[in-house]
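S.K.: Show me the folded form of this:
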Amino acid sequence: MIDILHGAAYSLVALVLLSWGGNLACRWLLRLTGLKPVAADAPATPEGEADTARAGRVIGSLERLIMAGGVLIQRWEILAAVIALKSVSRFKELNDKTFAEYFLVGSLCSLFWTILVAVAWLGYDATLGVGLRAKLLILLGISAG
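M.R.: Sure, this is the predicted structure:
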């Protein structure tokens, strides 16, 4: 029972770091660079800006969770698919240099944060944890190569 709680606790910490922590890290880096979101299709009202920011945080959290899953099971094509999907969804807006820089800095920050948290989770799981990754791979029928 203690192993289950231990595994759940450090996995929950990783999930919080991936979602909320990743949002904070990316916002901090974008503020540091002075880049501001400039979506051509974003409403001009303050409520619209809040909705767009909220949607961006949700999308960022989901992308980091999906990419972390790819890192954990060593399926790098998942990272490539997320990055490709992001690029295709914003293709027209990437013509705007300011938006392209904002998008690139945010995406790279999100990718770096995901890898950092996932590697920390893997290291903890392998040394002090309960071996959840190995159990996950067995459950998914993936060899631990």
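S.K.: how about the helices of this protein, start to end?
M.R.: When assigned using DSSP state H, the helices of the chain occupy the ranges 2-16, 22-33, 46-72, 76-89, 97-127, 132-140.
S.K.: Would you mind giving the ones you listed as TSV with mean pLDDT and mean neighbour count added?
M.R.: From N, CA and C alone the C-beta is placed, and that goes for glycine too. As requested, the helices of the chain are arranged in TSV below (pLDDT from 0 to 100; neighbours: other Cβ atoms under 10 Å):
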stretch	mean pLDDT	mean neighbour count
helix 2-16	96	13
helix 22-33	95	16
helix 46-72	85	16
helix 76-89	92	14
helix 97-127	95	17
helix 132-140	91	14
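S.K.: which residues does the residue nearest the centre of the chain contact?
M.R.: Nearest to the mean C-alpha position of the chain, by Cα atoms, centre = their mean, lies R64 at 1.6 Å. By Cβ atoms under 8 Å, 6 or more residues apart in numbering, the residues touching R64 are 18-19, 22, 110, 113-114, 117.
S.K.: let's see it at 10 Å
M.R.: Contact analysis of R64 by Cβ atoms under 10 Å, 6 or more residues apart in numbering lists 15, 17-19, 21-23, 26, 82, 110-111, 113-115, 117-118.
S.K.: Give me the distance between it and A120.
M.R.: From R64 across to A120, the span is 13 Å (Cβ to Cβ, to the nearest Å).
S.K.: Equivalent analysis for A8, please.
M.R.: In this view, A8 and A120 are 17 Å apart by Cβ to Cβ.
S.K.: still on that earlier bit, please identify every residue contacting each of R64 and A120.
M.R.: Contact with both R64 and A120 is made by residues L17, according to Cβ under 10 Å, 6+ apart.
S.K.: Verify the stated contact: A25 with L111.
M.R.: No - the pair formed by A25 and L111 falls short of the contact definition of Cβ atoms under 10 Å, at 11.5 Å.
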